[in-house]
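> sequence first, predicted coordinates after that:
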Amino acid sequence: MTEKRLKVKVFRYNPEVDKEPYYRDYEIPHEKGMSAMDALDYIYQNLDSTIAYYDHAGCSLGICAKCTGRINGVAGLLCQTEIFDETVLEPTNKERVLKDLVMKRDQ
Amino acid sequence: MAEKTIKTDVLVVGGGGAGFRASIAARERGAKVLLLSKGPLARCGASPMAGADFTLDGNSMNKLGREGDTNDSMERVFNDIVSQGWYLNNQRLVEQYVKTAPVLLKDMMDWGMEIKMSDQRMIFTSGTHIMDVLLKKARSVGVDMLADVALLELVTRDGKVTGGLGLDIRTGGFIHFTAKAVVMATGGWHKGFWPNTGMRDLSGEGIAMSNRAGADIGNMEFITFCCNVFYEPPMWLGSIAPYMVSLICGGRLTNSRGEDILEGYDPYVVKTGTMTEWNKSFISYASMREIRDGRRFKNGGVHYSRGDASWDYMKMVASFVFPDWRYKSIDLSPWAKMLENDEPVEVGPAVEYFEGGIVVNERFETGITGLFAAGECALGAFGANRVFSAITEMLVHGKDAGENAGEYAIDSKAGEADGGLLASLMEKAEQPLLKKKGESPPCLRRHIQEMAHKHLGPIRNEAELKEFIGFLEDVKNSQLKDLATAGKSRTYNKEWLDALELPNIVHLLEAAARSALARKESRGVHFREDYPDTDNDSWLVESIVKLKDDTIEVGNRPATVTKMTPPKGKIPYLDMMKKMMKEHSDTGGKH
């Protein structure tokens, strides 16, 4: 059986070095019941460890709400939003980005 | 030099319940207090994840206006904690726990804590609510707080704490903290394992850096696994929701051959070990037995289904525990359908709590002048198996540690930091950023976590522990020295933080594995296949870990006994567990 793969498009922006934000595509293996955060974890651990999303002190179980982002244009918790198909992950406010999906503190 | 220097009297490291309670107590003694939270204020560490129960004796609870049992007493709670801790508890700290718990509950109620439920020995609210109450109180008394800041290393001079080196995770800038006293309240080190039930910040650096600075740590081999934790789907991995349902309603656990995994065990042990919190040790043991013998499912766990448990009762329980089948923000409604249809979900044991930690005395002082420790990172009251609430523990430890640290700081002069030492610490911390190529921190982290889950679970043996120690030595001697981040920006560089945390995780895993190897018996949450008896004649001792020239040395000291004399003789592990189950007096193993 061929493993199902998903395309995940992630908003990237490091204001220290990037003039403009951009999107990067990643292809990941899909597992039934995986969240947007699971996809980011896969990318971080296997494909691109430079990616930033608030997970150094997150709960990944819908308690802390620090992983709020936009999943295919809809605001929600990355850790509790299941993904099924091609997915676009963005910050909730592109003007207030610290790095990639991590927002500045006063957000 | 560090980007900035921040001076305080008492530096509290850790943004969970112990840290907040210590900060409030130290501030109320008149000291200037700064609390460092590695993640968001009141939303990181273990505390917000807690269920959360607060336990105390029923008589004291009755006096506070709740329904507590007036025939209950502090002595009975003391006896339960010590017997269920397999007599390895520091009995002085157990006395402090039972005496202070009612005072602390009153404080919390006065500060606005609302109680959702209560019974004879327990009140129940949510971990997030407890943290909100503590945050509000800490603000009102003038505790200074910094979020998203990690302490990387303690700085000492002439055996005395002078402060520490921190990292602002968002900017990547170093901060030099100077303090007269430091309270370590960094919780457990769940991040050493995958899967686990904790927040992602819990990497054990407080225990490891205290050990590096010269404080002893102890009982590191005692690690509690919560049983029946979701192993699937990925989105729910690590959630304890099935554990909560199984504790109250029962259910059925089966292996990959379709066999009931509890058949063949003593019926009394099965009953008590399923419907009370003895399940954390008994079910974790029984599930791991199946998993290790190859009767596991695809994610390495066993199956949990409703079995003979009544669906109506389960629905009623769920309406209290997770209204509308929502637990925190998790939508469990797909699982509700599975339960109704008696379809299984894969579950298994996952790391939940650490009995061991920094050695403290009854004033919560460590072996280093000016360094105090509180909560899960301290070697506390629970011996070889935690019973009763860690929420109570964090508050009682935190209050005393904070008061003592506050008093000490007010009477002390600030020490002067060694500038050369600080510079070398910063240089060392920057290595992964400066190296062009090397080992990837996130890949190595996940590999270590999976190896720890495999080799340092509730069931152990000499060959596997030695293999794991060999693996950790290789990691220490090669990969850890070669860590390099792919991204070189300092701003929110997660892989840099992973690189800084990893040496702590490896240190504690090695301390735990070496302590487990040294303990040639089975006790509490530590079962040795090659030493299946609980040996009360030789092993009623705490394991004590000292770090000498970067080498971990495991020794021991007698358990601290004040009132309750431990049993004698060698007894098979499950027989000893049954004896402990029968000896305690409480309302059914509630924590």
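Yes, it's here.

> okay, CA-based contacts and neighbour counts for the rest of this
Will do.

> could you pull out the helices for chain A?
A:36-42 (DSSP state H).

> for it, what spans make up the strands?
In chain A, the strands defined using DSSP state E lie at A:5-12, A:22-29, A:68-71, A:74-77, A:87-90, A:97-99, A:102-103.

> export the ones you listed to CSV and tack on distance to chain B?
As requested, those are exported to CSV (distance: least, CA to the nearest CA, whole Å):
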stretch, distance to chain B
strand A:5-12, 13
strand A:22-29, 13
strand A:68-71, 12
strand A:74-77, 9
strand A:87-90, 16
strand A:97-99, 7
strand A:102-103, 8
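
> tell me the most buried of the ones you listed?
Among the strands of chain A, ranked by average contacts under mean count of other CA atoms under 10 Å in any protein chain shown, first place goes to strand A:102-103 (a mean of 24).

> neighbouring contacts of that one?
For strand A:102-103, the external contacting residues (CA atoms under 8 Å, 6 or more residues apart in numbering or on different chains) are A:52-54, A:91, A:93, A:96-97, B:492.

> how confident was the prediction at the closest residue to chain A within the stretch 251-400 of chain B?
Evaluated by CA to the nearest CA, the stretch 251-400 of chain B has residue B:329 as its residue closest to chain A, separated by 4.6 Å. Residue B:329 is assigned a predicted lDDT (pLDDT) of 84.

> how about the one 4 residues further on?
The predicted local confidence for residue B:333 comes out at a pLDDT of 96.

> re earlier: just give me the closest of the contacts of strand A:102-103 to residue B:277.
Distance to residue B:277 across the contacts of strand A:102-103 (CA to CA) is lowest for residue A:54, with 33.5 Å.

> which ones are touching residue 60?
Picking chain A for this. Taking CA under 8 Å, 6+ apart, we find residue A:60 in contact with A:37, A:79-80, B:199-200.

> hmm, I had chain B in mind actually
The neighbourhood of residue B:60, defined by CA under 8 Å, 6+ apart, consists of B:68, B:70, B:73, B:102.

> redo those residues as a markdown table? Include secondary structure, distance to residue B:210 and pLDDT.
Shown next, in a markdown table, are these (DSSP: H, G, I helix; E, B strand; the rest coil; distance: CA to CA, whole Å; pLDDT from 0 to 100):
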| residue | secondary structure | distance to residue B:210 | pLDDT |
| --- | --- | --- | --- |
| B:68 | coil | 40 | 88 |
| B:70 | coil | 42 | 91 |
| B:73 | coil | 36 | 93 |
| B:102 | helix | 31 | 95 |
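
> and the helix or strand of chain B with the lowest mean pLDDT, what does it pack onto?
Within chain B, no helix or strand scores below strand B:117-119, which has a mean of 85 by mean pLDDT, DSSP states H and E. Here strand B:117-119 is seen to pack against strand B:122-124 when contacts are counted using 3 or more CA pairs under 8 Å, 6 or more residues apart in numbering or on different chains; DSSP states H and E.

> would you mark the buried spots in the helix or strand just after the strand it packs on?
Sequence order places helix B:127-141 as the next helix or strand after strand B:122-124, per DSSP states H and E. By neighbour count on 16 or more other CA atoms under 10 Å in any protein chain shown, the buried set for helix B:127-141 is B:127-135, B:137-138.

> next, count neighbours for the residue of the stretch 251-400 of chain B closest to chain A.
With neighbours defined by other CA atoms under 10 Å in any protein chain shown, the count for residue B:329 comes to 15.

> and the one 3 residues further on, by the same measure?
With neighbours defined by other CA under 10 Å, the count for residue B:332 comes to 15.

> try residue B:239
With neighbours defined by other CA under 10 Å, the count for residue B:239 comes to 26.

> just residue B:63 next, same as before
By other CA under 10 Å, 13 other residues sit near residue B:63.

> so how far is residue B:137 from residue B:130?
Residue B:130 sits 11 Å away from residue B:137 when distances are taken as CA to CA, to the nearest Å.

> hmm, who's touching the least confident helix or strand of chain B?
If you take CA under 8 Å, 6+ apart as the criterion, strand B:117-119 is touched by B:66-68, B:123-125.
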